[in-house]
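>>> Give me the fold of what follows.
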Amino acid sequence: MKTMYKTFLAAIICIFAVSNLNAQSKSSHELEVVNQLSSQPAVVNMPVSQLLNAPGNEALKDFFFKPIKDKTVLKGKRIAVIAADGFEEIELLGPVWYFKQLGAQVDIVAPKYNPAPERYGLMYPEMSKTHIMAIQYLQPVGWIKFDKTADQIKVNDYDAVFIPGGAWNPDNLRYDKDVIKFIQDFNKSGKLIAAICHAPVVLASADILKGRKLTGYWNIQVDLKNAGATVVDEPVVTDRNIVTSRHPIDVADFSRAVENWLVKN
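Residues are numbered from 1 along each chain as shown. Predicted coordinates:
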């Protein structure tokens with residue numbers, strides 16, 4: 001009887017051992033596959049301090065650190081900053097800081113929270129419902145809280161609309177029906193629409209660029225031409241109610257162009 005019991009126990013242990021070995025083998029195989037589907041976490045980024053202290057950007061550095069004398073230049077002006085996840089940090093926070101320094105009221109406006117279907121495999125942090133993600137070139141670096149969603153704003157609420165760049169942000173915006181409809185209506189009003197870096201592609205999606213002169217990040221310039229625009233490689237371009245720029249290094253020129261337009265109109 002004891003011999004049968006020992007034999008039975010040995011068989012059970014052997015089964016568990018084989019099962020565990022199979023599980024480890026399966027786990028090892030899955031890990032190997034996942035590793036082949038993944039890449040090394042090395043990311044190019046663009047810290048603000050690096051940008052401001054880079055050779056050739058002395059004027060950009062002065063723009064932020066030189067004290068502003070008249071802080072009432074834009075008093076009474078209302079500006080909507082339309083942005084989504086993946087906005088270039090300095091292209092949003094830089095102009096927003098400047099406009100607020102000049103006395104403007106600035107609202108951060110984001111698309112209404114609309115997560116992708118579960119089968120897409122995306123995981124959203126809880127703060128996605130109230131915040132949008134900033135990047136420095138390719139690296140996510142933080143979150144800022146938005147004030148309103150695009151379905152809540154009206155043309156009469158603002159004197160200007162400003163769209164920052166960042167490669168992901170405009171792609172998220174150009175698919176949003178509320179954003180596109182608002183841009184189209186705002187353009188009809190003749191009020192200022194400003195876009196920097198990759199952001200002019202949102203204007204292309206809104207179909208408001210035919211016959212207009214503008215600029216944008218170098219690798220979207222062909223898209224702007226295809227949308228009917230005349231594209232030039234200049235730090236900032238103003239054509240009637242549209243102001244555009246190319247890159248974070250143009251933030252100072254871009255911000256001043258927005259200021260000048262609002263002062264004159």
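
>>> For the rest of this, base every contact and every neighbour count on C-alpha atoms.
Fine.

>>> Setting aside sequence neighbours, what's the nearest residue to Lys225?
Computed as C-alpha to C-alpha, 6 or more residues apart in numbering, the closest residue to Lys225 that is not its neighbour in sequence is Val231, at 6.4 Å.

>>> mind checking the end-to-end distance for stretch 209-229?
For stretch 209-229, the separation between the terminal residues is 5 Å (C-alpha to C-alpha, to the nearest Å).

>>> Identify the residues contacting it?
Outside stretch 209-229, the residues that touch it by C-alpha atoms under 8 Å, 6 or more residues apart in numbering are 196-201, 203-204, 207, 230-239, 242-247.

>>> how about that stretch: buried residues?
Neighbour-count burial for stretch 209-229, counted by 16 or more other C-alpha atoms under 10 Å, picks out 209, 212-217, 220-221, 223-225, 227-229.

>>> repeat for stretch 150-163
So stretch 150-163, judged by 16+ other C-alpha under 10 Å, has buried residues 150-151, 155, 158-163.

>>> First residue to last residue on it, what's the distance there?
Distance across stretch 150-163, first residue to last, is 13 Å (C-alpha to C-alpha).

>>> Quick check: mean pLDDT of that stretch?
The average of the pLDDT scores along stretch 150-163 is 97.

>>> next one: stretch 78-98
Stretch 78-98 comes out at a mean pLDDT of 97.

>>> What separates the first and last residues of that stretch, distance-wise?
For stretch 78-98, the end-to-end distance is 13 Å (C-alpha to C-alpha).

>>> Quick check: beta-bridge partners of the residue nearest to Lys225?
In this structure, Val231 bridges to Leu214 when assessed by DSSP bridges.

>>> all strands of this protein, in order?
Applying DSSP state E to the chain gives strands spanning 78-82, 87-88, 105-110, 131-136, 139-145, 148-149, 160-163, 192-196, 213-214, 230-231, 236-239, 242-245.

>>> got any ranges where the stretch 1-150 of the chain has weak pLDDT?
Of all residues in the stretch 1-150 of the chain, those with pLDDT under 70 make up the ranges 1-26, 41.

>>> now the helices for it?
Along the stretch 1-150 of the chain, counting by DSSP state H, counting those that start in this stretch, helices occupy 2-36, 48-53, 58-65, 89-101.

>>> So Ala167 sits against Phe87, correct?
Yes - A contact is recorded between Ala167 and Phe87 when judged using C-alpha atoms under 8 Å, the distance being 7.4 Å.

>>> neighbour count winner among the two?
Under the criterion of other C-alpha atoms under 10 Å, the comparison of Ala167 against Phe87 puts Phe87 first, with 29 against 19.

>>> From Phe186, how far out is that one?
When C-alpha to C-alpha is applied, the distance between Phe87 and Phe186 equals 21 Å.

>>> ditto for Leu102
Distance check for Leu102 against Phe186: by C-alpha to C-alpha, it reads 23 Å.

>>> picking that back up, format the strands of the chain as JSON lines; extra columns: distance to Lys264.
Converted to JSON lines, the strands of the chain look like this (distance: least, C-alpha to C-alpha, whole Å):
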{"stretch": "strand 78-82", "distance to Lys264": "15"}
{"stretch": "strand 87-88", "distance to Lys264": "28"}
{"stretch": "strand 105-110", "distance to Lys264": "18"}
{"stretch": "strand 131-136", "distance to Lys264": "32"}
{"stretch": "strand 139-145", "distance to Lys264": "31"}
{"stretch": "strand 148-149", "distance to Lys264": "28"}
{"stretch": "strand 160-163", "distance to Lys264": "13"}
{"stretch": "strand 192-196", "distance to Lys264": "11"}
{"stretch": "strand 213-214", "distance to Lys264": "20"}
{"stretch": "strand 230-231", "distance to Lys264": "24"}
{"stretch": "strand 236-239", "distance to Lys264": "13"}
{"stretch": "strand 242-245", "distance to Lys264": "14"}
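
>>> what's the closest of the ones you listed to Met123?
Comparing the strands of the chain by their distance to Met123 (C-alpha to C-alpha), the top pick is strand 131-136, with 13.8 Å.

>>> That closest one to strand 105-110, inter-axis angle?
Taking axes from the mean of the first three to the mean of the last three C-alpha atoms, to 10 degrees, one finds strand 131-136 and strand 105-110 inclined to each other by 90 degrees.
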